[in-house]
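Peer 1: got a predicted model here, sequence first, then my questions.
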Amino acid sequence: MASNRKDEAKMDFERANQLNPYNLTCLLHLGDYYLEQNELALASTVYEKALKLDINNVDALTAIGRFHLSENRFVEALNRFNEALSKDDQRPDIYVLRGAARVFASQPELAMGDFDRALALDPMYPEALHGKGKLLLSYGEIKEAIALFTKAIEIRPEWIQAYSDRGLAFKKIGQDQLSLHDFDKAVVLQGRPGSGKALLDWEAVPSSPLKTYAHKLTSPDTVEEYSSDEERTPTSK
């Protein structure tokens, strides 16, 4: 059912684009669809066309940054996010996306700064809470991470990855019943349309580096590595 709605939306955007090839909003939506379906070449073509229509458009710049992020081209992604933020520095979504790019570019402290900046703009921005929680979890600051995952879940109660991450965090501190509850909840939500959708859902985009990052930070081996008291990375709180 959800797949049919997506296909219908795609056809609507394609028809609208044929009628008016200069409709920027339509192009961005069509590019987002292609990106979600992992049709990267089509996504790139559409996004670049949108940017040519308005080289200063923040949404177009951000969309191309997201595309670069999905292709593991972190420097290009950062350049686009930086350019977008230079034109509008009040967008928490772009700070979150730049934070993700900085994580992959091995800049965790700068990434934490971006998540904090997003939260300064909107203290209840769920993707920023989740992204910061992931970094804290990787540092072994598990209780702090749980608090952030819990806030994200309160705002977006059907977010599969947030339950999964909090479940792993609970397990690391021996809260097995709470851990099992969260993992069960994630399984129940798995089949619900739209339950995994979010700006920075670590599982949302096929072949996305965000998925790799989610697995890297939340795998038992990685969390075990960071659970010792040695070489703890300082964080912003």
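Peer 2: Received, thanks. Quick caveat: nothing in here was measured; it's all calculated off a predicted structure. Numbers count the residues shown, from 1 in each chain.
Peer 1: number of nearby residues for the residue nearest to residue 34 when sequence neighbours are not counted?
Peer 2: Take residue 34 and drop its neighbours on the chain: the residue closest to it by CB to CB, 6 or more residues apart in numbering is residue 43, 3.8 Å away. Yep, even glycine has a C-beta here, placed from its N, CA and C like the rest. By the criterion of other CB atoms under 10 Å, residue 43 has 24 neighbours.
Peer 1: only the buried residues of the helix or strand containing residue 43, if you could.
Peer 2: Assigned by DSSP states H and E, residue 43 belongs to helix 40-53. Neighbour counts over helix 40-53 (16 or more other CB atoms under 10 Å) mark 40, 43, 44, 46, 47, 49, 50, 51 as buried.
Peer 1: what helices and strands are in contact with that helix?
Peer 2: helix 24-36, helix 58-70 (3 or more CB pairs under 8 Å, 6 or more residues apart in numbering; DSSP states H and E).
Peer 1: of those, flag the one that's most buried.
Peer 2: helix 58-70 (a mean of 23; mean count of other CB atoms under 10 Å).
Peer 1: can you name the next helix or strand after it?
Peer 2: Next element after helix 58-70 (DSSP H and E): helix 74-87.
Peer 1: so which bits of that following helix are buried?
Peer 2: Neighbour-count burial for helix 74-87 flags 74, 76, 77, 78, 79, 80, 81, 83, 84, 85 (criterion: 16+ other CB under 10 Å).
Peer 1: adding pLDDT, write the residues you listed out as TSV.
Peer 2: Shown next, in TSV, are those (pLDDT from 0 to 100):
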residue	pLDDT
74	94
76	95
77	94
78	97
79	96
80	94
81	97
83	96
84	96
85	98
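Peer 1: got those as TSV, with distance to residue 58 columns?
Peer 2: Putting these into TSV (distance: CB to CB, whole Å) gives the following:
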residue	distance to residue 58
74	20
76	17
77	15
78	16
79	14
80	10
81	10
83	9
84	5
85	8
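Peer 1: now the helices for the protein?
Peer 2: Shown for the chain, the helices assigned by DSSP state H span residues 2-19, 24-36, 40-53, 58-70, 74-87, 92-104, 108-121, 126-138, 142-155, 160-172, 176-189, 209-218, 220-226.
Peer 1: lowest average confidence across the helices and strands packed on helix 40-53, which one?
Peer 2: Mean pLDDT across those is lowest at helix 24-36; the value there is a mean of 83.
Peer 1: for it, name the packing helices and strands.
Peer 2: Counting by 3+ CB pairs under 8 Å, 6+ apart, helix 24-36 packs on helix 2-19, helix 40-53, helix 58-70.
Peer 1: and the longest one, what's its mean pLDDT?
Peer 2: So that's helix 2-19. 54.
Peer 1: now do stretch 109-128: distance to the chain's middle.
Peer 2: Centroid displacement of stretch 109-128 relative to its chain, using CA atoms, centre = their mean, to the nearest Å, is 12 Å.
Peer 1: do the same with stretch 119-133
Peer 2: How far stretch 119-133 lies from its chain's middle: 11 Å, per CA atoms, centre = their mean.
Peer 1: just stretch 51-58 next, same as before
Peer 2: Worked out by CA atoms, centre = their mean, stretch 51-58 lies 23 Å from the chain centre.
Peer 1: residue ranges with poor pLDDT in the chain?
Peer 2: Applying pLDDT under 70 to the chain flags the ranges 1-22, 191-237.
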